[in-house]
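S.K.: Below are the sequence and a predicted model for it; my questions follow.
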Amino acid sequence: MIKTDMIKTVIILSACLLYMGTSYGQINWNIHAGGGLSYFNDINFQSKRLGERFLGGPVFLAGASMSGSLVKETITEWELGINIVNGGYYAVGLKIDEGGVSNGWDYAHKVSRRDWYVQIPASLSFNVFEGTGFLIGARMNYRFSSLRHPNFTYRKWIPAGHLGVFTRLTPRIRLDLTAFIDILAREQVKPHLAGHSSLDRRDMGATLNLRYTLK
């Protein structure tokens with residue numbers, strides 16, 4: 001039910017944004033490429049109780065979008081896109097000595113965990129200083145892989161929010177620096193781990209993105 005509601009919300013918001021934008025003139029078509037760092041963190045700081053922690057890892061994205069002025073002669077621009085994203089992090093377990101006692105974190109044997117996603121971002125950009133400004137928006141991520149774990153179930157549809165700044169290098173090229181964080185936890189704890197119900201792990205990070213306007 002939650003997945004269906006999320007999909008409906010994305011479709012409705014995207015359709016409204018597209019209608020408002022196309023009602024006021026020219027649509028620009030853009031291509032994107034970028035990368036950055038992502039971190040998988042528990043915002044309630046409970047991960048240590050499960051004997052694991054996570055280190056940041058690289059994230060890469062490429063895609064396309066359409067954009068335009070929200071209303072005529074305004075500083076506000078709308079943008080709706082689709083990206084292919086590859087992102088992940090490193091999982092680090094506890095180091096256990098010969099006596100079975102925990103002795104810090106075993107960074108030497110960290111494990112890379114990466115996934116592919118389709119991402120649908122929607123943004124509003126505010127051109128405050130003649131080509132430089134800030135942007136705010138939301139995105140929906142769809143995870144391709146089906147992960148299995150004895151203690152968790154994993155969301156396939158993952159909503160997130162983003163906030164950033166941008167500057168135009170040329171009339172066609174724009175550089176964006178964007179921070180993002182999941183709106184909902186990526187994992188849902190299974191009933192037998194009721195004592196860890198406060199676990200709330202989300203993906204967060206930042207990317208540097210180059211946008212080129214085709215038309």
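M.R.: Received it, and whenever you're ready, just let me know what you need.
S.K.: Would you map the strands across this structure?
M.R.: Along the chain, the segments classed as strands by DSSP state E run 28-42, 52-69, 76-96, 102-105, 111-127, 132-143, 152-154, 157-168, 173-182, 187-189, 201-213.
S.K.: now the angle between strand 111-127 and the third one, please.
M.R.: Following axes from the mean of the first three to the mean of the last three Cα atoms, to 10 degrees, one obtains 160 degrees for the angle between strand 76-96 and strand 111-127.
S.K.: distance between strand 76-96 and the chain's centre?
M.R.: Distance of strand 76-96 from its chain centroid, counting by Cα atoms, centre = their mean, to the nearest Å, is 5 Å.
S.K.: again with the fourth one
M.R.: Distance of strand 102-105 from the chain centroid (Cα atoms, centre = their mean) equals 31 Å.
S.K.: what's the answer for the last one, then?
M.R.: Distance of strand 201-213 from its chain centroid, counting by Cα atoms, centre = their mean, is 7 Å.
S.K.: Just give me the neighbour total for Tyr107.
M.R.: Tyr107 is flanked by 12 other residues according to other Cβ atoms under 10 Å. Just so you know, the C-beta spots here come from the backbone N, C-alpha and C atoms, and that holds for glycine as well.
S.K.: coming back round to it: with mean pLDDT added, can I get the strands of the chain in JSON lines?
M.R.: Formatted as JSON lines, the strands of the chain follow (pLDDT from 0 to 100):
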{"stretch": "strand 28-42", "mean pLDDT": "92"}
{"stretch": "strand 52-69", "mean pLDDT": "90"}
{"stretch": "strand 76-96", "mean pLDDT": "89"}
{"stretch": "strand 102-105", "mean pLDDT": "75"}
{"stretch": "strand 111-127", "mean pLDDT": "91"}
{"stretch": "strand 132-143", "mean pLDDT": "94"}
{"stretch": "strand 152-154", "mean pLDDT": "75"}
{"stretch": "strand 157-168", "mean pLDDT": "95"}
{"stretch": "strand 173-182", "mean pLDDT": "96"}
{"stretch": "strand 187-189", "mean pLDDT": "71"}
{"stretch": "strand 201-213", "mean pLDDT": "93"}
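S.K.: For those, give me JSON lines that also has mean neighbour count.
M.R.: Shown next, in JSON lines, are those (neighbours: other Cβ atoms under 10 Å):
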{"stretch": "strand 28-42", "mean neighbour count": "18"}
{"stretch": "strand 52-69", "mean neighbour count": "17"}
{"stretch": "strand 76-96", "mean neighbour count": "18"}
{"stretch": "strand 102-105", "mean neighbour count": "12"}
{"stretch": "strand 111-127", "mean neighbour count": "17"}
{"stretch": "strand 132-143", "mean neighbour count": "18"}
{"stretch": "strand 152-154", "mean neighbour count": "15"}
{"stretch": "strand 157-168", "mean neighbour count": "17"}
{"stretch": "strand 173-182", "mean neighbour count": "18"}
{"stretch": "strand 187-189", "mean neighbour count": "17"}
{"stretch": "strand 201-213", "mean neighbour count": "18"}
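S.K.: what does stretch 119-138 rub up against?
M.R.: If you take Cβ atoms under 8 Å, 6 or more residues apart in numbering as the criterion, stretch 119-138 is touched by 10, 13-14, 17, 61, 63, 65, 67, 70, 75-85, 139-142, 159-168, 176, 178, 183.
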